[in-house]
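> Whatever this is, show me its structure:
(2 chains)
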Amino acid sequence: MTLFIEQCLNGLQFGLLLFLLAAGLTLVFGIMDLVNLAHGSLYMLGAYFAATFAAWTGSFVLGAVLALGATLLVGMAIEIIAMRRLYGRDHLDHVLATFGLILFFDELVRLIWGPSGMSLPLPSWLNTSVRVLPGIDYSAYKLSIIIVSLAVVVFLYFLVMRTRIGMLIRAGASNREMVGALGVNIKLLFTLVFGLGAALAGLAGLMQAPILTVQIGMGENILILAFVITVIGGIGSIRGAFVAAILVGLIDTLGRAYFTDLLRLVFTKETAATAAPALSSMLIYLLMAIVLVIKPEGLFSASGK
Amino acid sequence: MRKALLAATAASLLAAAPAAAQQKTVKIGFISTFSGPVAAIGNDMRNSFELALDHMGRKMGGLPVEVIYEDDGFKPEVGKQKTEKLIESDKVDFITGYIWSNVLLASVKPALDSKTFLISANAGPHQLAGEGCSPFFFSTSWQNDQTPQAMGLYMNQKGVKTVFLIGPNYAAGKDMLAGVASTFKGKVIGQELTKWPDQLDFSAELAKAKDAKPDAIFVFYPGAAGAQFLNQYVQSGLKGQIPLYTAFTIDELTLPRQKDTALGVPGAQQWVNDLPNETNKKFVSDYRKKHPGLSPTFYGAQSYDSANLIASAVAATKGNLSDKAAVQKAMEKADFKSVRGNFKYGNNHFPIQNFYLQEAVKDQEGNFALKTVATIVENDQDRFHDKCPMK
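Below is the predicted model of the structure:
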């Protein structure tokens, strides 16, 4: 039982992290109608910035805060310099251009920080485990990821549901042209939304950095999951992204934890051990396929199309 | 075009006159990973191979050497394509490199079918040591099972009774876990294979290991994943609770990122940078001089040996590389000074060699380094050699 709770916490932590990444992606996709493959590069930049700033300042928290600001600025700069030229063009152009950005950022990082990657050491107060429930010791750092991510979820909820900017974001997600027609400064809104998405991706990257180390191309695998989440949750819907991210996080972690044992009931030990990691990583895509069949618009579709 | 014609004419002339069948250059293909998250390993192998060429005056048996480096992109299918390209269009005499067992297994057939000598400078899948052994395949590293087997022996010495195994789900990962289980006398109470190479979060596996309450955890994660695993092992609070034993998880490339997490975590290795033979001293110090801030890894050491093995065969056959049987015989002698100390080849062309216990240490300036602690096993031969039909 304690193992199950621990695995659920692992799943929750992974899901929340995916949410941070997917929230930005779904906002940009939903509101700006822009397919941004370079979202993973922002995740990577967040991690590199944090590792650099933490080394300069000697403080993990200060480094993280500075990195967050830096990714926000980089995000807004990308929007102004590159993305503005892509609005209203074909999705294929978006894919091509943002794929180019991935290559650009990978090479830029290689030039600035070198090819061998970096590490972001945790302060000792985070590098331990704490007792969350009787008999369950859990990584203090993973717990803090859960707390920070939940705080971001609450912040996003208020931002989107209770503020004027949020109102515009929601309006933009459901009918972009109308928002522009009503005289809203859509350019500024887009820059802000893109910057916000970038900062969220950067936050996800810098929080993953102490666990996974910092390296070139770190955002590319996880971006696929983030896209799956936007599809499951419904494009443009923050709520959908949240539900889908938690689902995907739990399915992925619990699948890895228990699928081998399940398969062992049917197959030999050898076959089960080899097949389970491959099969359990398919579960997420299976979920996506089912959702697409039942609700092609995603669980919580934002657009009224 | 004219050059190609000229070369073709020259080649046909040479073929017509076997007495003068000495070729002008030794062509070597080198496949490794030079892009993506593990590019650092490929760079280390290339640096070491180039250093070996420097040390031999960039000539083998008096002939100039041409090396063509190709990037496998960490992918078996790309490795296979590049291997075919090296054989079919570059017509290399030797092909070497290969970090990953799955890349090697995908690439080995075109090389061996065309009777091109393939020298693995790292990967050592069991398939190529047993029934699949070949006169044209040589290793300057080890058979995958050997290093973890040494670790299994060391765990016996330490009185470990139960162990939990974690490794990546690909050819080498499965060999490693099977290897440790074959020499470990206690009980393997759990085993987890993770998706390779894209699973980097090991929380689910670590939670299961913790729950199984073993005496020890054995792990194999090469490249950057080694740093990631150690981070997560420490963060999950297992350090100090369940000791960790490793193979190929801590090396000179990952250590600068693993730092303190690597201290007190033993590993087994056939080569460590401080092995006290002259060839090794020269290799390590010249490497550091040529590449300030970097230290060679075992991947590099094996590549350095690979260059020397090829050179020994070119010299022994006086550059007559079309006499495949003579080249094979020359290589079987392993007649060169290896950085690990000299070794013999077994019947399956895998080295019979010592395995050492390696540990990470931190000096007063806070720099980390790996050092040899003890010899775990001497003149170890892999456990598949008797299945190999070559005698």
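> Could I get the contacting residues of A:Ala273?
With contact set as CB atoms under 8 Å, 6 or more residues apart in numbering or on different chains, A:Ala273 has these partners: A:Thr260, B:Gln191, B:Leu193. Bear in mind the C-beta positions are built from the backbone N, C-alpha and C, glycine included.
> Try it again at 6 Å.
Neighbouring residues of A:Ala273 by CB atoms under 6 Å, 6 or more residues apart in numbering or on different chains: B:Leu193.
> Secondary structure element holding it?
If you go by DSSP states H and E, A:Ala273 is part of helix A:269-280.
> So which bits of that helix are buried?
Using 16 or more other CB atoms under 10 Å in any protein chain shown as the test for burial, helix A:269-280 gives A:Ala272, A:Ala273, A:Thr274, A:Ala275, A:Ala276, A:Pro277, A:Leu279, A:Ser280.
> can you give me the strands for the stretch 1-150 of chain A?
Along the stretch 1-150 of chain A, counting by DSSP state E, counting those that start in this stretch, strands occupy A:129-133, A:136-139.
> So which of those strands is the most surrounded?
Across the strands of the stretch 1-150 of chain A, the average number of neighbours (mean count of other CB atoms under 10 Å in any protein chain shown) peaks for strand A:136-139, which reaches a mean of 22.
> Pull the residues that contact it.
The contact list for strand A:136-139 (CB under 6 Å, 6+ apart) reads A:Thr2, A:Ile5, A:Glu6, A:Leu9, A:Ser129, A:Arg131, A:Val132, B:Gln235, B:Ser236, B:Gly237.
> Based on its surroundings, how many neighbours for the nearest residue to A:Arg110 once chain neighbours are set aside?
Distances taken as CB to CB, 6 or more residues apart in numbering or on different chains put A:Ile216 closest to A:Arg110, at 6.0 Å, once the chain neighbours are dropped. For A:Ile216, the neighbour count with other CB atoms under 10 Å in any protein chain shown is 24.
> cool, and B:Asn367?
10.
> Next: A:Asn221.
Neighbourhood size, A:Asn221 [other CB under 10 Å]: 13.
> how much space between B:Asp382 and chain A?
B:Asp382 is 21 Å from chain A, where distance means CB to the nearest CB, to the nearest Å.
> any idea whether that residue is helix, strand or coil?
coil (DSSP: H, G, I helix; E, B strand; the rest coil).
> Please tell me the pLDDT value assigned to it.
If you check B:Asp382, the pLDDT there is 96.
> Need the nearest residue in space to B:Val67, chain neighbours excluded.
Closest to B:Val67 by CB to CB, 6+ apart is B:Ile28, at 4.9 Å.
> what's next to the host helix or strand of that neighbour, contact-wise?
Using DSSP H and E, B:Ile28 falls within strand B:26-32. With CB under 6 Å, 6+ apart as the test, strand B:26-32 has contacts from B:42, B:45, B:60, B:63, B:65-70, B:72, B:79, B:82, B:86, B:92-99, B:314.
> Same check on stretch B:306-315?
Residues from elsewhere that reach stretch B:306-315 (CB under 6 Å, 6+ apart): B:26, B:49, B:52, B:56, B:60-61, B:94, B:96, B:119, B:121, B:140, B:327, B:330-331, B:335-336.
> which ones are touching residue 51?
Answering for chain A, as no chain was given. By CB under 6 Å, 6+ apart, A:Ala51 lies in contact with A:Met118, A:Leu120, A:Val214.
> You answered for a different chain; I wanted chain B.
B:Leu51 sits next to B:Tyr287 when contact means CB under 6 Å, 6+ apart.
> And the pLDDT at the residue nearest to A:Arg110?
Looking at A:Ile216, its pLDDT is 87.
> Confirm it sits in a helix?
No. Assignment of A:Ile216 by three-state DSSP gives coil, placing it outside any helix.
> how close does it sit to B:Asp54?
Going from A:Ile216 to B:Asp54 by CB to CB, to the nearest Å gives 29 Å.
> Same question for A:Leu250.
55 Å.
> next one: B:Gln191
Look at B:Gln191 and B:Asp54: by CB to CB, they are 44 Å apart.
> Give me the number of neighbouring residues for B:Tyr287.
B:Tyr287 has 21 neighbours, counted by other CB under 10 Å.
> Next one: it relative to chain A, how far apart?
Taking CB to the nearest CB, one finds B:Tyr287 at 16 Å from chain A.
> who's in contact with that residue?
B:Tyr287 touches B:Leu51, B:Pro296, counting by CB under 6 Å, 6+ apart.
> what are the bridge partners for B:Lys27, then?
Going by DSSP bridges, B:Lys27 is paired in beta bridges with B:Glu66.
> And it, what's its pLDDT?
Listed pLDDT for B:Lys27 reads 95.
> Determine the longest helix present in chain A.
helix A:2-32 (DSSP state H).
> just checking, B:Met151 touches B:Tyr245?
Yes. When contacts are counted by CB atoms under 6 Å, B:Met151 is listed as touching B:Tyr245 (5.4 Å).
> Have a look at these two and say which one is more surrounded.
A direct count of neighbours by other CB under 10 Å for B:Met151 and B:Tyr245 places B:Met151 higher, at 29 against 24.
> if I look at that one, how far off is chain A?
In terms of CB to the nearest CB, B:Met151 sits 20 Å off from chain A.
> for B:Ala316, same thing?
Per CB to the nearest CB, B:Ala316 is found 38 Å from chain A.
> you'd agree that residue is up against B:Ala330?
Yes. Judged on CB under 6 Å, B:Ala316 makes contact with B:Ala330 at a distance of 3.7 Å.
> sorry, back to before: run the angle between the longest helix of chain A and strand A:129-133 for me.
Orientation check (axes from the mean of the first three to the mean of the last three CA atoms, to 10 degrees): helix A:2-32 against strand A:129-133 gives 100 degrees.
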